[in-house]
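Asks: Sequence below, structure please.
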Amino acid sequence: MKLSVDRITKQYKNKIAVDRISFALTEGVTGLLGANGAGKTTLMRMMAGILDPTGGEITADGVPVQTEGYRALLGYLPQDFGYYPEFTAREFVRYIAALKGLEKKHAKEKTEELLELVGLSDVAGKKIRTFSGGMKQRVGIAQALVNDPKLLILDEPTAGLDPKERVRFRNLIAEVGKETIVLFSTHIVSDVEHIAGNLLMMRDGQLIYEGPWDESRGDLEQFYMEEFE
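Replies: Model (predicted):
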């Protein structure tokens with residue numbers, strides 16, 4: 001599958017949050033790196049079909065972003081994903097599976113598989129409101145994967161994860177990325193280094209680098225010092 005982002009722009013009155021960005025992605029893991037305010041979340045929300053662009057086009061194999069066909073291909077974890085605190089982890093993932101149109105038996109099986117994958121099987125029957133921030137984030141990762149998406153968009157997915165959970169996440173995403181287009185934003189360079197084959201860097205709403213991770217080391221070092229120090 002090919003995801004195409006063509007001259008995508010988002011403007012709010014006098015501020016351009018995303019400025020004519022273009023790139024194309026195929027199966028594999030791509031990291032999106034940029035400081036707060038760079039436009040990462042705005043870009044990802046447009047790619048997830050939540051925010052309408054001011055200009056430009058986003059398609060997956062020619063299917064436009066604002067269609068049911070595109071949404072069927074999509075898994076999305078926003079930076080602050082919404083959940084029902086009185087739901088258990090199991091109930092919530094099954095609920096998302098139902099919204100995605102999974103048949104009841106398959107939804108049950110997929111829910112158990114994913115809760116095992118993210119290390120929550122032993123607390124699957126507990127209410128999400130009792131979870132730590134890292135555990136809630138793992139529920140978010142599980143719900144994003146419930147429909148076996150061909151396009152997975154993750155906005156700061158390692159936020160709140162401890163070092164052990166971060167390693168679990170990296171291994172999971174590396175495996176998913178073998179057959180799926182994965183785009184994840186982060187400000188943690190080590191996350192990109194360990195699992196991303198490709199890298200996008202944003203600054204002030206513009207794309208300033210697109211290419212293989214291993215060719216970006218010098219640029220990344222300079223970028224990191226300028227943006228995050």
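
Asks: Going by C-alpha atoms from here, please, whenever you check contacts or count neighbours.
Replies: Noted.

Asks: CA atoms only for stretch 7-25 - export them in CSV, please.
Replies: This file holds the C-alpha atoms of stretch 7-25, laid out as CSV (Å, rounded to 0.1, in the frame of the first residue of the first chain):
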residue,chain,number,x,y,z
ARG,A,7,1.0,19.6,-0.5
ILE,A,8,-1.1,19.3,2.7
THR,A,9,-1.7,22.6,4.4
LYS,A,10,-3.5,23.8,7.6
GLN,A,11,-4.0,27.4,8.3
TYR,A,12,-5.7,29.0,11.3
LYS,A,13,-6.4,32.7,10.6
ASN,A,14,-2.9,34.2,10.4
LYS,A,15,-1.0,31.1,11.5
ILE,A,16,0.1,28.3,9.2
ALA,A,17,0.3,25.2,11.3
VAL,A,18,1.3,22.9,8.4
ASP,A,19,2.8,24.4,5.3
ARG,A,20,2.5,22.5,2.0
ILE,A,21,4.0,19.2,3.2
SER,A,22,4.4,16.3,0.7
PHE,A,23,5.7,12.8,1.2
ALA,A,24,4.8,9.2,0.4
LEU,A,25,5.0,6.1,2.7
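
Asks: And that stretch, how far out from the chain middle?
Replies: 18 Å (CA atoms, centre = their mean, to the nearest Å).

Asks: for that stretch, which positions count as buried?
Replies: Within stretch 7-25, the residues that count as buried by 16 or more other CA atoms under 10 Å are 7-10, 16-22, 25.

Asks: Out of these, name the ones that lie in strands.
Replies: Among the buried residues of stretch 7-25, DSSP state E puts 7-10, 16-22, 25 in strands.

Asks: Make JSON lines out of the residues you listed and add distance to Gly160 and pLDDT.
Replies: Below are these laid out as JSON lines (distance: CA to CA, whole Å; pLDDT from 0 to 100):
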{"residue": "Arg7", "distance to Gly160": "33", "pLDDT": "97"}
{"residue": "Ile8", "distance to Gly160": "30", "pLDDT": "97"}
{"residue": "Thr9", "distance to Gly160": "30", "pLDDT": "98"}
{"residue": "Lys10", "distance to Gly160": "29", "pLDDT": "97"}
{"residue": "Ile16", "distance to Gly160": "30", "pLDDT": "95"}
{"residue": "Ala17", "distance to Gly160": "26", "pLDDT": "96"}
{"residue": "Val18", "distance to Gly160": "27", "pLDDT": "97"}
{"residue": "Asp19", "distance to Gly160": "30", "pLDDT": "97"}
{"residue": "Arg20", "distance to Gly160": "32", "pLDDT": "97"}
{"residue": "Ile21", "distance to Gly160": "29", "pLDDT": "97"}
{"residue": "Ser22", "distance to Gly160": "31", "pLDDT": "97"}
{"residue": "Leu25", "distance to Gly160": "27", "pLDDT": "96"}
